[in-house]
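**Q** Okay, sequence plus prediction incoming.
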Amino acid sequence: MSTAAGIRRAASRIRWFWREASGEATYDRYVAHARAHDPEAEVLSRREFERQRTDAREGDPRNGFRCC
């Protein structure tokens, strides 16, 4: 494996890890799931998706109390 190929592979893995750790890949999975189950259904925008996700996370008492 050449050095350039190794660097690209490492960068790809770092990008994958970062997207998974930050939750960014969650929206992509949501869109893929929604399209697979009903291609005609309207998909939430990223902003709407994140708003619902945040509201659900903060409204769940098992996740603790958020004061601010």
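**A** Noted; the coordinates are in hand.

**Q** Please spell out which residues along the helix or strand hosting E50 are buried.
**A** In the assignment (DSSP states H and E), E50 maps to helix 46-59. Across helix 46-59, burial judged by 16 or more other CB atoms under 10 Å covers F49. In this view, the C-beta of every residue, glycine as well, is placed from N, C-alpha and C.

**Q** cool, and stretch 14-28?
**A** Within stretch 14-28, the residues that count as buried by 16+ other CB under 10 Å are Y27.

**Q** what mean pLDDT would you report for the longest helix anywhere in the chain?
**A** When the chain is parsed with DSSP state H, its longest helix is helix 3-22. On average, the pLDDT along helix 3-22 is 94.

**Q** for the helix or strand immediately after it in the chain, the distance to its chain's centre please.
**A** Downstream of helix 3-22, the first helix or strand assigned by DSSP H and E is helix 24-37. Its chain's average C-alpha position is 9 Å from that of helix 24-37, according to CA atoms, centre = their mean, to the nearest Å.

**Q** Distance from the chain centre to the longest helix of the chain, please.
**A** Relative to its chain's centre, helix 3-22 lies at 16 Å (CA atoms, centre = their mean).

**Q** Contact partners for the residue sitting nearest the centre point of the chain?
**A** In the chain, the residue lying closest to the centroid (CA atoms, centre = their mean) is T26, at 2.2 Å. In this structure, T26 makes contact with R53, judged by CB atoms under 8 Å, 6 or more residues apart in numbering.
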